[in-house]
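Asks: quick one, structure for this:
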Amino acid sequence: MSNGSGSPTINIAHFSEDEAANENWPEIEFRSPEDEAWYGVDVWELCDSLVVNFNGFPCEYDEVYSPEDFKNSEELKEFEERFRACSVQMQDNECATLEQGTKVCATYPSVAGEVKFYDAIVVNVLREKHSVDEEGSEVCGCDYKLYWNQGPFVNNITSAKVGDICLVQEDNRMNPKVVTFLKEARRKLHGEAHQGEETEWQKILKKVTSAIRSHNLDPSVPENQGLMDN
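Replies: Numbering: from 1, shown residues only. Next up, the predicted model:
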């Protein structure tokens, strides 16, 4: 849940086999280019592409990214900053952790009833004495004024309650699959920059590969051999 500017850069480190196999990586969220909202996601590899699967959504909503999708380093960096460790729902007893200038990820009720999360900055907190519910749990009644960095209320200030707010995590570790994809995309980007302009034959091969992907054809199957030879 970040607007891309001022976001912490993912540590593109080299992972050993033991580290890559370690399941103790933070869950991640992704800011979709579709609506600029943040979603919890899983990622997996498809050949050299990265598939982003949105938690709670059917597979037709998956987004697939190829290392060839990025024209320059700026585009790749912007894509990198769309990933981060999942923000965590704020609890009533964490009220004191929020102050002016705190970056949060929050939602605002929509007419359509959609719950989407965007980055915002706390600009003011109107403190209220906390109460206790029937189960003895603390209940925060404070009012938080948020300046929205993204979403339908971008550049506007609205009010929010504790239940509308998630806390952005400082954990900059990233799923090894994302790191591997970023490395490959960077390698291809820098490699092609030194190779100069594509030849016509390279352009044709790229179109053929794209057609194979689109139609789920297997170039190793004889009946598709004619396509590969043309």
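Asks: report the central residue of the chain.
Replies: F30 (1.6 Å; C-alpha atoms, centre = their mean).
Asks: sheet partners, orientation included, of the helix or strand hosting it?
Replies: Taking DSSP states H and E as the criterion, F30 maps to strand 28-31. The partner list of strand 28-31 in its sheet, established with DSSP bridges, is strand 38-46 (antiparallel), strand 83-85 (antiparallel).
Asks: state the mean pLDDT of the first one.
Replies: Per-residue pLDDT values over strand 38-46 give a mean of 95.
Asks: and stretch 142-150, by the same measure?
Replies: Per-residue pLDDT values across stretch 142-150 average out to 96.
Asks: what lies in contact with it?
Replies: 3, 31, 36-37, 95, 98, 104, 106, 108, 118-128, 154-162, 164-165 (C-beta atoms under 8 Å, 6 or more residues apart in numbering). For every residue, glycine as well, the C-beta is placed using N, CA and C.
Asks: only alpha carbons, please: show it as CSV.
Replies: Coordinates of each C-alpha in stretch 142-150 appear next as CSV, following Å, rounded to 0.1, in the frame of the first residue of the first chain:
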residue,chain,number,x,y,z
CYS,A,142,-10.6,8.5,18.3
ASP,A,143,-11.1,10.2,14.9
TYR,A,144,-8.2,10.2,12.5
LYS,A,145,-7.9,12.8,9.7
LEU,A,146,-6.2,11.2,6.7
TYR,A,147,-4.7,12.9,3.6
TRP,A,148,-5.0,10.4,0.7
ASN,A,149,-2.0,9.7,-1.5
GLN,A,150,-4.1,7.5,-3.8
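Asks: so how far is that stretch off the chain centroid?
Replies: Distance of stretch 142-150 from the chain centroid (C-alpha atoms, centre = their mean, to the nearest Å) equals 21 Å.
Asks: buried stuff in it?
Replies: Going by neighbour count (16 or more other C-beta atoms under 10 Å), the buried part of stretch 142-150 is C142, Y144, K145, L146, Y147, W148, N149, Q150.
Asks: list just the nearest of these to E45.
Replies: Looking at the buried residues of stretch 142-150 and their distance to E45, the nearest is Q150, at 28.5 Å (C-beta to C-beta).
Asks: circling back: N72: which of the buried residues of stretch 142-150 is nearest?
Replies: The nearest one, if we look at the buried residues of stretch 142-150 relative to N72 and count by C-beta to C-beta, is Q150, at 23.2 Å.
Asks: please pull out the lowest mean pLDDT helix or strand from this protein.
Replies: Confidence across the helices and strands of the chain bottoms out at helix 17-21, with a mean of 42, counting by mean pLDDT, DSSP states H and E.
Asks: separation between G191 and E68?
Replies: 11 Å (C-beta to C-beta, to the nearest Å).
Asks: buried stuff in the helix or strand hosting F79?
Replies: Using DSSP H and E, F79 sits within helix 73-80. Buried residues in helix 73-80, counting neighbours by 16+ other C-beta under 10 Å, are found at L76, K77, E78, F79, E80.
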